[in-house]
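>>> Kindly generate the corresponding structure for this input.
(one chain, ligands or ions: 1)
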Amino acid sequence: MLKHKTSVLFVNSNGKDRKTIQIPTTILLNWKKYLISAIVLFGIFGLIIGFFIYEHTSHYYTTIYKERLVRANQIKNAIDIEKAKSSFQSIDESMLRINQFMAERGLEPLSLVSAGGPMEFEITDINEIAAYYATDIQKLEDLIQEVPIGKPHFGEQTSGFGYRKNPFGGNAVETHKGLDFRGEEGSPIRVTAEGKVVFAGQKGGYGNCVIIKHENDLKTLYGHLSEINVKDGQSVILGQIIGKLGSTGRSTGPHLHYEILHKEEKIDPQKFLNL
Ligand SMILES: [Zn+2]
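Numbers count the residues shown, from 1 in each chain. Modelled structure (predicted):
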């Protein structure tokens, strides 16, 4: 049927350019039938493509939705509200005690702003985060008891750690291995951390002197006391009065000389005046 062809001659309006093409006769005679068939074929093809696209995308969204639902349930199950609550409560209580301590020592209250910890976390980690801070704050609270933080006396600090001019006059320079706090003769001197008295008595230029041994190879020394209120070997708690301010030993007036020693080496107590 397609073998029988008809020649169609295309001629330009000026009659010069012409082109002849051969078309199967049956197409020329039944062009409407062929056109409709083509349209129907394209239509069916389009429907099939559309169906596949729909099938694919709807399946895709169903999967995402299902995954989200599963995730939401996981989060719901993972967050132990009661546990998180108690962790946060424990943090609150610790913070309260720490800040009470800071206030008693004349120090700035602590804030959690730069307390460290993981910066990015999944919402399901909330229990972990809460527990993390609860343990950390607890550790800090323990540390505050053990480490000599804060001042042994609230008097004005008159001398720092390092080189200074000889307070007895002249141009000589001496190293001062502690902090001096001016104060009233007889005002109480409080130990800056819990520990054990390892010295209580006369000690050369220090005059009446108390030395307390703490955790972490730390010791604190309190000099020029007018009175000593503890005995060698005695355990002391944080804030306990160990003696009275005075001017015994090599001293120019009533003040406390305060030292912190780490492994017998005198270190700058200034660094311990705040957290
Ligand atoms: Zn001093």
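>>> contacts, neighbours, all on C-alpha from now
Fine.
>>> Spell out which residues of this structure are next to the ion.
180, 257 (CA under 5 Å from the ion).
>>> What are the neighbouring residues in contact with the residue of the chain at minimum distance from the ion?
Going by CA to the ion, the ion is nearest to His257 of the chain, at 4.2 Å. His257 is in contact with 178-181, 206, 221-224, counting by CA atoms under 8 Å, 6 or more residues apart in numbering.
>>> Poorly predicted segments of the stretch 101-250 of the chain, please.
Applying pLDDT under 70 to the stretch 101-250 of the chain picks out residues 105-108, 110-125.
>>> show me where it has helices.
For the stretch 101-250 of the chain, the helices defined by DSSP state H, counting those that start in this stretch occupy 126-146.
>>> Show me the two of the contacts of His257 that sit farthest apart.
Phe181 and Tyr206 (14.1 Å; CA to CA).
>>> Pull up the gap between Gly170 and Arg164, please.
To Arg164, Gly170 is 12 Å away according to CA to CA, to the nearest Å.
>>> Give the other helices and strands that the helix or strand Leu28 falls within contacts.
In this structure, Leu28 sits in helix 25-29 according to DSSP states H and E. Under the contact criterion of 3 or more CA pairs under 8 Å, 6 or more residues apart in numbering; DSSP states H and E, helix 25-29 touches strand 5-11.
>>> Residues in contact with the strand it packs on: which ones?
17-26.
>>> ok, 10 Å please
Applying CA atoms under 10 Å, 6 or more residues apart in numbering, the set of residues contacting strand 5-11 from outside is 17-28.
>>> Same question for stretch 229-242.
Taking CA under 10 Å, 6+ apart as the rule, stretch 229-242 contacts 101, 104-105, 144-149, 151-152, 187-201, 209-214, 222, 225, 227-228, 243-244.
>>> Show only the entries of these found in strands.
Of the contacts of stretch 229-242, the ones assigned to strands by DSSP state E are 188-190, 195-201, 209-213, 222, 225, 227-228, 243-244.
>>> Can you select the buried ones from the residues you listed in ChimeraX?
In ChimeraX syntax, the buried subset of the ones in strands among the contacts of stretch 229-242 is picked out as below (16 or more other CA atoms under 10 Å):
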select :188,189,190,195,196,197,198,199,200,201,209,210,211,212,213,222,225,227,228,243,244
